[in-house]
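Student: The sequence isn't on hand, but the structure is:
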Ligand SMILES: Nc1ncnc2c1ncn2[C@@H]1O[C@H](COP(=O)(O)OP(=O)(O)OP(=O)(O)O)[C@@H](O)[C@H]1O
Ligand SMILES: O=C(O)c1ccc[n+]([C@@H]2O[C@H](COP(=O)([O-])O)[C@@H](O)[C@H]2O)c1
(Lines give C-alpha, C1' and ligand atoms only; values in the text may rest on other atoms or scores of the structure.)
(Ligands and ions follow the chains in the order given, each with its own letter.)
Protein backbone atom coordinates (compact mmCIF):
# COMPACT_ATOMS: atom_id res chain seq x y z
CA UNK A 1 0.00 0.00 0.00
CA UNK A 2 1.45 3.40 -0.92
CA UNK A 3 1.62 6.38 1.43
CA UNK A 4 -0.95 8.11 -0.76
CA UNK A 5 -3.62 5.43 -0.33
CA UNK A 6 -3.06 5.40 3.43
CA UNK A 7 -3.31 9.16 3.84
CA UNK A 8 -6.31 9.87 1.62
CA UNK A 9 -8.99 8.10 3.71
CA UNK A 10 -7.62 9.77 6.88
CA UNK A 11 -7.96 13.22 5.33
CA UNK A 12 -11.44 12.33 4.07
CA UNK A 13 -12.52 11.28 7.55
CA UNK A 14 -11.19 14.50 9.07
CA UNK A 15 -13.03 16.66 6.51
CA UNK A 16 -16.25 14.71 7.19
CA UNK A 17 -15.79 15.21 10.92
CA UNK A 18 -15.30 18.99 10.54
CA UNK A 19 -18.30 19.29 8.19
CA UNK A 20 -20.48 17.23 10.51
CA UNK A 21 -19.34 19.30 13.48
CA UNK A 22 -20.19 22.52 11.68
CA UNK A 23 -23.63 21.23 10.61
CA UNK A 24 -24.47 20.06 14.10
CA UNK A 25 -23.47 23.22 15.93
CA UNK A 26 -20.20 22.01 17.44
CA UNK A 27 -17.86 24.83 16.51
CA UNK A 28 -16.91 25.98 19.96
CA UNK A 29 -14.66 28.84 21.05
CA UNK A 30 -13.01 28.86 24.46
CA UNK A 31 -11.76 31.85 26.41
CA UNK A 32 -9.84 30.57 29.40
CA UNK A 33 -8.54 32.94 32.01
CA UNK A 34 -8.23 34.00 35.59
CA UNK A 35 -10.92 36.67 35.09
CA UNK A 36 -9.79 38.63 38.12
CA UNK A 37 -11.92 40.50 37.17
CA UNK A 38 -13.52 39.88 33.73
CA UNK A 39 -13.43 43.07 31.65
CA UNK A 40 -14.58 44.53 28.33
CA UNK A 41 -11.36 43.35 26.65
CA UNK A 42 -12.41 39.73 27.30
CA UNK A 43 -15.91 40.35 25.91
CA UNK A 44 -14.69 42.21 22.81
CA UNK A 45 -12.24 39.46 22.00
CA UNK A 46 -14.79 36.67 22.52
CA UNK A 47 -17.44 38.41 20.40
CA UNK A 48 -14.92 39.24 17.66
CA UNK A 49 -13.74 35.64 17.35
CA UNK A 50 -17.31 34.30 17.58
CA UNK A 51 -18.28 36.42 14.57
CA UNK A 52 -15.09 36.03 12.54
CA UNK A 53 -15.06 32.23 12.74
CA UNK A 54 -18.85 31.72 12.71
CA UNK A 55 -18.74 29.75 15.94
CA UNK A 56 -21.80 28.34 17.71
CA UNK A 57 -20.82 29.50 21.18
CA UNK A 58 -17.97 30.68 23.37
CA UNK A 59 -17.18 28.94 26.65
CA UNK A 60 -15.71 31.15 29.35
CA UNK A 61 -13.57 28.89 31.52
CA UNK A 62 -12.21 30.44 34.73
CA UNK A 63 -9.14 28.59 36.00
CA UNK A 64 -8.84 27.04 39.45
CA UNK A 65 -5.14 27.77 39.86
CA UNK A 66 -3.23 29.39 36.97
CA UNK A 67 -0.72 26.85 35.63
CA UNK A 68 2.49 28.88 35.68
CA UNK A 69 2.06 32.09 37.59
CA UNK A 70 2.52 31.62 41.31
CA UNK A 71 0.19 33.74 43.42
CA UNK A 72 -1.37 35.42 40.37
CA UNK A 73 -4.74 35.61 42.05
CA UNK A 74 -5.69 35.70 45.68
CA UNK A 75 -9.37 35.87 44.88
CA UNK A 76 -11.34 32.61 45.35
CA UNK A 77 -12.77 30.95 42.25
CA UNK A 78 -16.30 31.44 43.61
CA UNK A 79 -16.00 35.21 43.30
CA UNK A 80 -14.35 35.13 39.87
CA UNK A 81 -17.09 32.77 38.66
CA UNK A 82 -19.79 35.10 40.00
CA UNK A 83 -18.22 38.02 38.11
CA UNK A 84 -18.01 36.01 34.86
CA UNK A 85 -21.74 35.22 35.25
CA UNK A 86 -22.43 38.96 35.56
CA UNK A 87 -20.20 39.79 32.60
CA UNK A 88 -21.80 37.37 30.12
CA UNK A 89 -25.40 37.45 31.40
CA UNK A 90 -26.84 39.37 28.44
CA UNK A 91 -25.17 37.36 25.67
CA UNK A 92 -26.96 34.12 24.68
CA UNK A 93 -23.94 32.62 22.89
CA UNK A 94 -21.54 33.16 25.81
CA UNK A 95 -21.56 30.32 28.39
CA UNK A 96 -19.80 29.84 31.70
CA UNK A 97 -18.08 26.45 32.02
CA UNK A 98 -16.73 25.52 35.43
CA UNK A 99 -14.79 22.48 34.23
CA UNK A 100 -11.46 23.74 35.66
CA UNK A 101 -12.89 25.03 38.92
CA UNK A 102 -14.59 21.66 39.50
CA UNK A 103 -11.41 19.73 38.66
CA UNK A 104 -9.35 21.92 40.99
CA UNK A 105 -5.55 22.06 41.16
CA UNK A 106 -3.44 23.60 38.42
CA UNK A 107 -5.55 24.26 35.35
CA UNK A 108 -3.50 22.80 32.54
CA UNK A 109 -5.26 23.40 29.24
CA UNK A 110 -4.25 19.98 27.93
CA UNK A 111 -6.26 18.32 30.75
CA UNK A 112 -9.25 20.57 30.04
CA UNK A 113 -9.16 19.78 26.32
CA UNK A 114 -8.99 16.04 26.95
CA UNK A 115 -12.04 16.31 29.22
CA UNK A 116 -13.95 18.49 26.72
CA UNK A 117 -13.16 16.07 23.88
CA UNK A 118 -14.54 13.20 25.97
CA UNK A 119 -17.66 15.25 26.68
CA UNK A 120 -18.30 16.11 23.01
CA UNK A 121 -16.13 14.07 20.62
CA UNK A 122 -17.63 15.73 17.53
CA UNK A 123 -16.80 19.28 18.56
CA UNK A 124 -14.10 21.43 16.98
CA UNK A 125 -12.52 23.63 19.66
CA UNK A 126 -10.88 27.02 19.16
CA UNK A 127 -8.88 28.26 22.14
CA UNK A 128 -8.62 32.05 22.16
CA UNK A 129 -5.47 33.69 23.47
CA UNK A 130 -4.13 37.22 23.61
CA UNK A 131 -0.77 37.99 22.03
CA UNK A 132 0.94 37.80 25.45
CA UNK A 133 -0.13 34.16 25.69
CA UNK A 134 1.03 33.44 22.12
CA UNK A 135 4.57 34.25 23.22
CA UNK A 136 4.15 31.96 26.23
CA UNK A 137 2.87 28.91 24.28
CA UNK A 138 6.25 27.11 24.17
CA UNK A 139 6.11 26.93 27.99
CA UNK A 140 2.63 25.37 28.14
CA UNK A 141 2.25 21.93 29.64
CA UNK A 142 2.44 19.17 26.99
CA UNK A 143 2.13 21.77 24.25
CA UNK A 144 2.92 19.33 21.44
CA UNK A 145 -0.01 17.14 22.49
CA UNK A 146 -2.23 20.18 23.12
CA UNK A 147 -1.86 21.56 19.57
CA UNK A 148 -3.32 18.28 18.28
CA UNK A 149 -6.43 18.71 20.42
CA UNK A 150 -7.29 22.35 19.80
CA UNK A 151 -6.85 25.16 17.29
CA UNK A 152 -5.34 28.29 18.82
CA UNK A 153 -6.90 31.59 17.82
CA UNK A 154 -4.84 34.65 18.64
CA UNK A 155 -5.79 38.30 18.99
CA UNK A 156 -3.41 41.23 19.12
CA UNK A 157 -2.97 43.13 22.37
CA UNK A 158 -1.55 46.65 22.72
CA UNK A 159 2.10 46.69 23.76
CA UNK A 160 2.81 43.07 22.88
CA UNK A 161 4.88 41.98 19.87
CA UNK A 162 3.84 38.42 19.14
CA UNK A 163 6.33 35.75 18.11
CA UNK A 164 4.41 32.64 17.37
CA UNK A 165 6.34 29.38 17.25
CA UNK A 166 3.16 27.32 17.07
CA UNK A 167 0.37 27.52 14.48
CA UNK A 168 -2.29 30.04 15.42
CA UNK A 169 -5.14 31.65 13.48
CA UNK A 170 -4.94 35.44 13.85
CA UNK A 171 -8.27 37.27 14.16
CA UNK A 172 -8.47 41.07 14.02
CA UNK A 173 -10.50 42.56 16.84
CA UNK A 174 -10.38 46.14 18.13
CA UNK A 175 -7.35 46.39 20.40
CA UNK A 176 -8.03 47.77 23.84
CA UNK A 177 -5.43 48.31 26.54
CA UNK A 178 -7.65 46.92 29.28
CA UNK A 179 -6.26 44.34 31.69
CA UNK A 180 -7.46 42.78 34.93
CA UNK A 181 -4.31 43.96 36.69
CA UNK A 182 -4.95 47.52 35.49
CA UNK A 183 -8.50 47.36 36.85
CA UNK A 184 -7.32 46.01 40.21
CA UNK A 185 -4.84 48.88 40.44
CA UNK A 186 -7.52 51.45 39.60
CA UNK A 187 -9.88 50.10 42.27
CA UNK A 188 -7.10 50.12 44.83
CA UNK A 189 -6.41 53.79 44.03
CA UNK A 190 -10.13 54.61 44.18
CA UNK A 191 -10.35 55.40 40.44
CA UNK A 192 -13.37 54.76 38.24
CA UNK A 193 -13.65 51.46 36.34
CA UNK A 194 -16.79 52.53 34.51
CA UNK A 195 -16.70 51.51 30.81
CA UNK A 196 -13.79 49.15 31.52
CA UNK A 197 -15.94 46.38 33.00
CA UNK A 198 -19.65 45.61 32.52
CA UNK A 199 -21.86 47.46 35.01
CA UNK A 200 -22.80 44.20 36.78
CA UNK A 201 -19.13 43.43 37.39
CA UNK A 202 -18.45 46.95 38.70
CA UNK A 203 -21.43 46.59 41.06
CA UNK A 204 -20.17 43.19 42.29
CA UNK A 205 -16.69 44.58 42.95
CA UNK A 206 -18.16 47.49 44.88
CA UNK A 207 -20.62 45.40 46.89
CA UNK A 208 -17.98 42.84 47.90
CA UNK A 209 -15.22 45.43 48.46
CA UNK A 210 -12.88 43.57 46.11
CA UNK A 211 -9.38 44.84 45.31
CA UNK A 212 -9.64 47.72 47.73
CA UNK A 213 -6.37 46.67 49.35
CA UNK A 214 -5.67 43.01 49.97
CA UNK A 215 -6.41 41.58 46.48
CA UNK A 216 -4.79 44.22 44.29
N1 LIG B 1 -7.45 43.54 26.40
C2 LIG B 1 -7.22 42.31 25.90
N3 LIG B 1 -6.99 42.12 24.58
C4 LIG B 1 -6.72 40.89 24.09
N5 LIG B 1 -6.67 39.76 24.82
C6 LIG B 1 -6.88 39.88 26.14
C7 LIG B 1 -7.18 41.15 26.76
N8 LIG B 1 -7.35 40.96 28.09
C9 LIG B 1 -7.17 39.65 28.30
N10 LIG B 1 -6.89 38.99 27.15
C11 LIG B 1 -6.66 37.56 26.97
O12 LIG B 1 -7.70 36.87 27.66
C13 LIG B 1 -7.17 35.66 28.28
C14 LIG B 1 -7.49 35.66 29.77
O15 LIG B 1 -6.86 36.79 30.35
P16 LIG B 1 -6.80 37.06 31.93
O17 LIG B 1 -8.07 36.61 32.57
O18 LIG B 1 -5.53 36.56 32.48
O19 LIG B 1 -6.85 38.67 31.93
P20 LIG B 1 -5.66 39.72 31.92
O21 LIG B 1 -6.27 41.05 31.67
O22 LIG B 1 -4.58 39.28 30.96
O23 LIG B 1 -5.15 39.58 33.43
P24 LIG B 1 -3.88 40.19 34.21
O25 LIG B 1 -3.78 41.65 33.90
O26 LIG B 1 -4.21 39.89 35.65
O27 LIG B 1 -2.68 39.41 33.70
C28 LIG B 1 -5.66 35.64 27.96
O29 LIG B 1 -5.46 34.84 26.81
C30 LIG B 1 -5.36 37.10 27.65
O31 LIG B 1 -4.26 37.24 26.76
O1 LIG C 1 -1.70 24.64 30.13
C2 LIG C 1 -0.79 25.46 30.33
O3 LIG C 1 0.38 25.14 30.55
C4 LIG C 1 -1.15 26.94 30.36
C5 LIG C 1 -0.19 27.92 30.61
C6 LIG C 1 -0.57 29.26 30.64
C7 LIG C 1 -1.91 29.61 30.43
N8 LIG C 1 -2.81 28.61 30.19
C9 LIG C 1 -4.23 28.96 30.00
O10 LIG C 1 -4.36 30.12 29.20
C11 LIG C 1 -5.48 30.89 29.65
C12 LIG C 1 -5.04 32.33 29.90
O13 LIG C 1 -4.09 32.33 30.95
P14 LIG C 1 -3.91 33.61 31.90
O15 LIG C 1 -2.72 33.30 32.77
O16 LIG C 1 -3.69 34.78 30.96
O17 LIG C 1 -5.20 33.76 32.67
C18 LIG C 1 -6.02 30.17 30.89
O19 LIG C 1 -7.10 29.35 30.50
C20 LIG C 1 -4.86 29.30 31.34
O21 LIG C 1 -5.26 28.11 32.01
C22 LIG C 1 -2.47 27.32 30.14
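Tutor: Received it, and whenever you're ready, just let me know what you need. These numbers were taken from a predicted model, which means no experiment stands behind them. Ligands and ions are numbered 1, 2, ... in the order given.

Student: okay, CA-based contacts and neighbour counts for the rest of this
Tutor: Fine.

Student: Distance check, residue 173 against ligand 2.
Tutor: 17 Å (CA to the nearest ligand atom, to the nearest Å).

Student: Next, that residue: secondary structure please.
Tutor: Here residue 173 is coil, with the state taken from DSSP: H, G, I helix; E, B strand; the rest coil.

Student: can you check residue 192 too?
Tutor: Secondary structure for residue 192, judged by three-state DSSP, is coil.

Student: Quick check: it touching residue 186?
Tutor: Yes - taking CA atoms under 8 Å as the definition, residue 192 is a contact partner of residue 186 at 6.9 Å.

Student: Tell me which of the two has more neighbours.
Tutor: Per other CA atoms under 10 Å, whichever of residue 192 and residue 186 has more neighbours is residue 186, with 16 against 11.

Student: So which bits of the chain are right by ligand 1?
Tutor: Along the chain, the residues adjacent to ligand 1 under the rule CA under 6 Å from any ligand atom are 32-35, 41-42, 129-133, 155-157, 175-181.

Student: Now the buried members of those.
Tutor: Applying 16 or more other CA atoms under 10 Å to the residues of the chain next to ligand 1, the neighbour count classes 32-35, 41-42, 129-133, 155-157, 178-180 as buried.

Student: Show me those residues that map onto strands.
Tutor: With strands taken from DSSP state E, the overlap with these comprises 32-33, 129-130, 155.
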